[in-house]
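Visitor: Sequence and predicted structure, then a few things I'm wondering about:
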Amino acid sequence: MKKILILGAGRSSAHLIKYLLEHATAGAWHVRVADMDLAMALQKTAGHAQSSAFQLNANDDGQRMVEIEQSDLVISMLPAFMHTEVAQDCIQCGKHLITPSYVSDEMWALHEQAQQKGVLILNEMGVDPGIDHMSAMQIIDGLRAKGAVIESFESFTGGLIAPECDNNPWNYKITWNPRNVVLAGYGGTARFQQEGQLKYIPYQRLFERITDVEIADYGHFDGYANRDSLKYKKIYGLETIPTIYRGTLRRGGFCAAWNALVQLGLTDDSLLIENPAAKTWCVLTSSFLDLSGGKELEKTLQQYLQTSDVVMSKLKWLGIFDNEPLDITEGSPAVALQRLIEKKWKLDEHDKDMIVMWHRFEYRLNDKRHRLISSLVTPGEDPIYTAMSKTVGLPMAIAAKMILQGQLNMTGVVLPVIPEIYNPIMDELNTLGIQFKENEATL
């Protein structure tokens with residue numbers, strides 16, 4: 001019986017584990033789930049006969065290597081910075097690896113070693129990156145086959161709260177890694193191309209440059225730029241395209257309020273707060289403002305940021321003016337903000353999330369210009385089996401099945417941008433409720 005090792009049983013692993021266990025008998029495999037939190041691993045495996053859950057410190061090189069050696073396939077749900085170490089272990093042991101994360105330069109550097117060992121390192125197999133690549137490449141390759149010339153490609157994805165559970169003024173709750181939410185775009189400059197011109201947005205302006213995205217039946221969303229859209233010109237084979245732009249979706253009004261936190265300094269991860277255990281939120285917020293002469297905190301902040309009453313209501317609800325402790329013993333403003341949003345944006349017992357994805361293509365065919373919009377809205381089931389878990393986990397689970405059944409025979413560091421990968425996975429996702437709708441018009 002083949003053994004699948006899943007490293008990490010966190011937020012995005014529920015559907016991955018469920019799918020693999022549902023197919024374990026037919027696939028003749030055993031699913032081993034490892035996490036630092038044993039209770040979390042036990043919850044996800046739920047006592048299934050062809051599963052085992054155990055505690056693992058993924059930073060323990062020796063223990064990690066032993067578990068990888070005993071496995072036939074490894075799926076890493078660990079933080080992205082740990083994937084390269086896991087990949088090195090997998091190459092040494094001759095084991096295939098799947099991850100949902102962006103490929104780092106260090107990971108790309110392992111390509112030839114993986115090929116020499118006959119190992120497949122399949123990355124960017126989640127939702128974004130993952131389903132975004134596969135759904136886009138199906139359209140891109142289809143347009144090319146018709147002889148179309150693609151002139152513009154824009155793509156946005158968002159992990160959001162379902163409308164029926166949207167009950168806070170930010171219209172947002174956390175369904176994935178909260179640190180990534182706080183540090184979105186932090187410390188970098190977004191790059192994209194618009195009508196043949198390179199465009200740059202520095203972090204301090206990122207949430208001010210917004211694209212309006214409308215999805216039928218769900219209204220308007222704010223789209224802000226991802227870190228680097230330009231690298232996808234080569235990945236998608238769109239080297240000569242005039243416009244390429246990838247971004248993230250939030251509900252309308254979110255970005256203006258988040259921008260206030262950025263401008264104030266509360267997303268700063270480089271500044272260590274002195275004695276944070278003794279500070280409250282109003283004290284921390286005050287430390288970024290001139291309140292000399294008895295100035296009022298909220299009024300001073302609004303004047304300083306020149307922001308609206310609507311934004312101020314969001315900030316007030318969040319609690320940055322409250323006399324509540326920061327609830328951290330050390331760290332930066334970003335760390336304190338993460339702790340705050342984990343409380344305020346927590347999914348309630350009966351909450352459901354949703355994943356929204358939107359692609360817009362403009363292309364020329366037979367001397368006519370066309371626009372094609374492809375959109376996806378996938379709802380979650382509950383706070384455990386979320387839409388985020390579904391769209392991150394199922395592509396990896398299907399890929400795992402294909403690898404173990406000998407349907408993917410490539411080696412090296414690979415992305416899911418080739419038909420042999422994306423066609424069967426997208427076909428099965430469609431049967432599992434992850435379905436795109438397309439609308440096309442002549443311009």
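Guide: Thanks, I have the structure now.
Visitor: Enumerate every residue touching E124.
Guide: T99, P100, S101, Y102, V103, G130, H133, L415, P416 (C-beta atoms under 8 Å, 6 or more residues apart in numbering). The C-beta positions use only the backbone N, C-alpha and C, and glycine is treated the same way.
Visitor: ok, now Q138?
Guide: Q138 is in contact with Y422, N423, M426, counting by C-beta under 8 Å, 6+ apart.
Visitor: For the stretch 251-400 of the chain, just list every one of the strands.
Guide: Remark: strands assigned in the stretch 251-400 of the chain by DSSP state E, counting those that start in this stretch are 353-365, 368-379.
Visitor: For the stretch 201-350 of the chain, just list every one of the helices.
Guide: Chain-ordered helices for the stretch 201-350 of the chain, with DSSP state H, counting those that start in this stretch as the definition, fall at 232-235, 254-264, 281-286, 297-305, 309-318, 333-344.
Visitor: Dump those into CSV; add mean neighbour count and mean pLDDT as well.
Guide: Listed next are the helices of the stretch 201-350 of the chain as CSV, based on neighbours: other C-beta atoms under 10 Å; pLDDT from 0 to 100:
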stretch, mean neighbour count, mean pLDDT
helix 232-235, 16, 95
helix 254-264, 21, 98
helix 281-286, 19, 98
helix 297-305, 15, 97
helix 309-318, 16, 98
helix 333-344, 20, 97
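Visitor: So what's the residue count around E296?
Guide: 10 (other C-beta atoms under 10 Å).
Visitor: try the one 10 residues further on
Guide: For Q306, the number of neighbouring residues by other C-beta under 10 Å comes to 8.
Visitor: Return the distance of it relative to Y200.
Guide: The gap separating Q306 from Y200 is 24 Å, by C-beta to C-beta, to the nearest Å.
Visitor: Please apply the same query to A387.
Guide: The spacing between A387 and Y200, counted by C-beta to C-beta, is 32 Å.
Visitor: more crowded one of these two?
Guide: More crowded of A387 and Y200, by other C-beta under 10 Å: A387, with 26 against 10.
Visitor: I figured the more buried one hits M357, correct?
Guide: No: A387 is beyond contact range of M357, at 10.8 Å (criterion: C-beta atoms under 8 Å).
Visitor: how about the helices in the stretch 1-150 of the chain?
Guide: Counting by DSSP H, counting those that start in this stretch, the helices of the stretch 1-150 of the chain are 14-22, 24-27, 38-45, 61-69, 83-93, 105-108, 111-116, 131-146.
Visitor: Would you list the buried entries among the contacts of Q138?
Guide: Buried by 16 or more other C-beta atoms under 10 Å: Y422, M426, out of these.
Visitor: so can I have JSON lines of the contacts of Q138 showing pLDDT?
Guide: Formatted as JSON lines, the contacts of Q138 follow (pLDDT from 0 to 100):
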{"residue": "Y422", "pLDDT": "98"}
{"residue": "N423", "pLDDT": "98"}
{"residue": "M426", "pLDDT": "98"}
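Visitor: Please give me every residue in contact with the residue minimising distance to the centre of the chain.
Guide: With distances taken as C-alpha atoms, centre = their mean, D128 lies nearest the centre of the chain, 5.1 Å away. Neighbour list for D128: T157, T248, M357 [criterion: C-beta under 8 Å, 6+ apart].
Visitor: at 6 Å instead, please
Guide: T157 (C-beta atoms under 6 Å, 6 or more residues apart in numbering).
Visitor: go on, L230?
Guide: By C-beta under 6 Å, 6+ apart, the neighbours of L230 are R191.
Visitor: Looking at it now. What's its pLDDT?
Guide: You'll see L230 listed with a pLDDT of 96.
Visitor: contacts for stretch 20-40?
Guide: For stretch 20-40, using C-beta under 6 Å, 6+ apart, the contacting residues are 1-9, 41, 44-45, 48, 50-56, 397.
Visitor: Just the buried subset of those, written out for ChimeraX, thanks.
Guide: Only the buried entries of the contacts of stretch 20-40 go into this ChimeraX selection, using 16+ other C-beta under 10 Å:
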select :3,4,5,6,7,8,9,41,44,45,48,50,51,53,56,397
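Visitor: Strands - which of the contacts of stretch 20-40 land there?
Guide: K2, K3, I4, L5, I6, L7, S51, S52, A53, F54, Q55 (DSSP state E).
Visitor: Farthest pair within these?
Guide: Maximum pairwise distance among the ones in strands among the contacts of stretch 20-40 (C-beta to C-beta): 22.8 Å, between K2 and Q55.
Visitor: what number of residues lie near the spatially closest residue to W317 that is not a sequence neighbour?
Guide: Ranked by C-beta to C-beta, 6 or more residues apart in numbering and with sequence neighbours excluded, the top spatial neighbour of W317 is P169, at 5.1 Å. Close neighbours of P169, defined as other C-beta under 10 Å, add up to 17.
Visitor: Equivalent analysis for the one 4 residues further on, please.
Guide: Each residue near K173 was counted by other C-beta under 10 Å, and the total is 23.
Visitor: That one: what's it in contact with?
Guide: I161, W345, L347.
Visitor: Look up how far C165 lies from it.
Guide: Distance of K173 to C165, computed by C-beta to C-beta: 8 Å.
Visitor: for A400, same thing?
Guide: Distance from A400 to C165, by C-beta to C-beta: 31 Å.
Visitor: Counting neighbours, go ahead and name the busier of those two.
Guide: A400 (28 against 18).
Visitor: May I have the predicted confidence score for that one?
Guide: 98.
Visitor: Name the residues of stretch 84-101 that are buried.
Guide: 84-91, 93, 95-101.
Visitor: List the buried residues of stretch 141-151.
Guide: Buried-residue list, stretch 141-151, by 16+ other C-beta under 10 Å: D141, L143, A148, I150, E151.
Visitor: so what's the residue nearest to the last one when sequence neighbours are not counted up against?
Guide: In this case it means E151. When the adjacent residues along the chain are set aside, E151 lies closest to E362, with 5.1 Å between them (C-beta to C-beta, 6+ apart). With contact set as C-beta under 6 Å, 6+ apart, E362 has these partners: E151, S152, R371.
Visitor: Go again with 7 Å.
Guide: By C-beta atoms under 7 Å, 6 or more residues apart in numbering, E362 lies in contact with E151, S152, R369, R371.
Visitor: Buried only: go through the residues you listed for me.
Guide: Looks like the contacts of E362 have E151, S152 buried, using 16+ other C-beta under 10 Å.
Visitor: Can you tell me which of the contacts of E362 is nearest E274?
Guide: The closest of the contacts of E362 to E274 turns out to be S152 (C-beta to C-beta; 49.2 Å).
Visitor: S229 is in contact with the closest one, correct?
Guide: No: at 12.0 Å, S152 does not count as touching S229 under the criterion of C-beta atoms under 7 Å.
Visitor: separation between E324 and L318?
Guide: 11 Å.
Visitor: oh, I was asking about N409
Guide: Taken as C-beta to C-beta, the span from N409 to L318 is 51 Å.
Visitor: E440 contacts H370, correct?
Guide: Yes: E440 lies in contact with H370 (C-beta under 7 Å); the separation is 6.3 Å.
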